[in-house]
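> next input, structure requested:
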Amino acid sequence: MRVAKLVSAVVLVVACLGVTGCGSGTDGAVKRLGKLSVTLDSVFVAEKAASAEVAKVAPDAVLLSVGTGGVVLNPPPSSWNFLYGSPGKGRTYRVAVEHGTAEKAEDLAPLDTKVVDLSSVVPISSVKVGSKEAYEAGKAFLEKRDGSAPPNLMMSVSFVEVPGLEGQSVSDWALAFTQGTSTDGMQQVRVDGQTGAASAIE
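Numbers count the residues shown, from 1 in each chain. Predicted structure coming up:
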């Protein structure tokens, strides 16, 4: 069940890119710029470095989830922890990426395919909203609802269904805002990774 704990960790929130235009020519240009901004988001840039690192020890490794790995004091985050599963080796691996630099893959635990169905894994490209946009949307959601949002943040997104996490949809962002460095009193929000629709998790 350690895989299940690593895959979950936080909550879910999404962000709308707000890509609009005035006329067909401008609209096309703005949409291309919106797509580029998501591609350059820190989590997608970090994923390339993490995948290259885990491939050195497990070429068949599949990305299961990514998250901040702890509370971020100055969001949006720029460092990430990626969780991979290798069906060939039957192991899970974590790769930490700090400000774009990937550390060596860490062998975590056995991969329990009875808990994690690798056939249901979706690619990271299924997430259409970057981490920065997701953070901004989650913050705006809480500010509108409560008048303010706690300053610190944990966030994650899962790419595979895990028993016990049915309320957390695959490829949705999970955000938890907190005042300190613990999860006490955290405010949780789910953001749809496709549409940007935000909702609270009670």
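
> what about the helices in the protein?
Applying DSSP state H to the chain gives helices spanning 2-8, 24-39, 42-54, 131-146.

> worst mean pLDDT among those helices?
Sorting the helices of the chain by mean pLDDT places helix 2-8 lowest, at a mean of 34.

> how close does the residue lying closest to residue 160 once chain neighbours are set aside get to residue 111?
Closest residue to residue 160 apart from its sequence neighbours, by Cβ to Cβ, 6 or more residues apart in numbering: residue 121 at 4.6 Å. C-betas here are computed from N, CA, C, even on glycine. With distances taken as Cβ to Cβ, to the nearest Å, residue 121 is found 12 Å from residue 111.

> sketch out the low-pLDDT regions of this structure for me.
1-40, 163-168 (pLDDT under 70).

> all strands of it, in order?
Per DSSP state E, the chain carries strands over the ranges 62-67, 79-86, 91-98, 101-102, 106-110, 152-158, 173-178, 187-191, 198-201.

> just these: most buried one?
Comparing the strands of the chain by mean neighbour count (mean count of other Cβ atoms under 10 Å), strand 173-178 comes out on top with a mean of 28.

> off-centre distance for that strand?
Put simply, strand 173-178 sits 10 Å off its chain's centre (Cα atoms, centre = their mean, to the nearest Å).

> quick one, that strand and helix 42-54 angle?
Interaxial angle, strand 173-178 versus helix 42-54 (axes from the mean of the first three to the mean of the last three Cα atoms, to 10 degrees): 110 degrees.

> what's strand 173-178 packed up against?
Strand 173-178 makes packing contacts with helix 131-146, strand 152-158, strand 187-191 when contacts are defined by 3 or more Cβ pairs under 8 Å, 6 or more residues apart in numbering; DSSP states H and E.
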